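A.B. asks: Provided below for reference: sequence and predicted model.
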Amino acid sequence: MVFTIDLPPDVAAKVSQLAKESGTDDATLVASFAEEAVNKPQETSKIIFDSVSGWPVLTGGKRMTQEEIFDFLHEED
């Protein structure tokens with residue numbers, strides 16, 4: 001299947017760089033990214049109860065450390 005996409009210049013440059021480094025061409029690299037994305041199992045969220053605090057916790061997404069949360073809460077807009 002032939003598929004044409006428009007990438008922002010900086011993304012296109014990065015794709016070309018990664019393809020060259022891995023010894024492949026841009027189209028093959030983008031196809032491998034697309035295949036990985038569509039075959040990745042979709043994570044579902046659920047509510048569980050923390051074993052220490054007993055508080056409800058929503059699972060899913062990215063796990064964050066306390067430091068990452070602190071940094072996020074103290075970011076300046």
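C.D. replies: Noted; the coordinates are in hand. Residues are numbered from 1 along each chain as shown.

A.B. asks: Name the residues that touch stretch 49-69?
C.D. replies: For stretch 49-69, the surrounding residues in contact (C-beta atoms under 8 Å, 6 or more residues apart in numbering) are Glu43, Thr44, Ser45, Lys46, Ile47, Ile48, Phe72. From N, CA and C alone the C-beta is placed, and that goes for glycine too.

A.B. asks: Among the residues you listed, which are located in helices?
C.D. replies: Using DSSP state H, the subset of the contacts of stretch 49-69 located in helices is Phe72.

A.B. asks: now the strands for this structure?
C.D. replies: When assigned using DSSP state E, the strands of the chain occupy the ranges 47-49, 56-58.

A.B. asks: if you average pLDDT over each of the ones you listed, which comes out lowest?
C.D. replies: Averaging pLDDT over each of the strands of the chain singles out strand 56-58 as the lowest, with a mean of 86.

A.B. asks: Tell me the strands beside the worst-scoring helix or strand of the chain on mean pLDDT, with direction?
C.D. replies: Least confident helix or strand, the chain: strand 56-58 with a mean of 86, by mean pLDDT, DSSP states H and E. Pairing partners of strand 56-58, with direction, according to DSSP bridges: strand 47-49 (antiparallel).

A.B. asks: Mind listing what's buried along the strand it pairs with?
C.D. replies: Of the residues in strand 47-49, none count as buried by neighbour count, 16 or more other C-beta atoms under 10 Å.

A.B. asks: Equivalent analysis for stretch 43-56, please.
C.D. replies: The neighbour-count criterion (16+ other C-beta under 10 Å) identifies no buried residues in stretch 43-56.

A.B. asks: related to what we said a few turns ago, can I get the strands of the chain in CSV with distance to Glu76?
C.D. replies: Formatted as CSV, those follow (distance: least, C-beta to C-beta, whole Å):
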stretch, distance to Glu76
strand 47-49, 32
strand 56-58, 27
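
A.B. asks: In contact with Thr28: list those residues for me.
C.D. replies: Applying C-beta under 8 Å, 6+ apart, the residues contacting Thr28 are Ala19.

A.B. asks: Equivalent analysis for Ala37, please.
C.D. replies: When contacts are counted by C-beta under 8 Å, 6+ apart, Ala37 is found next to no other residue.
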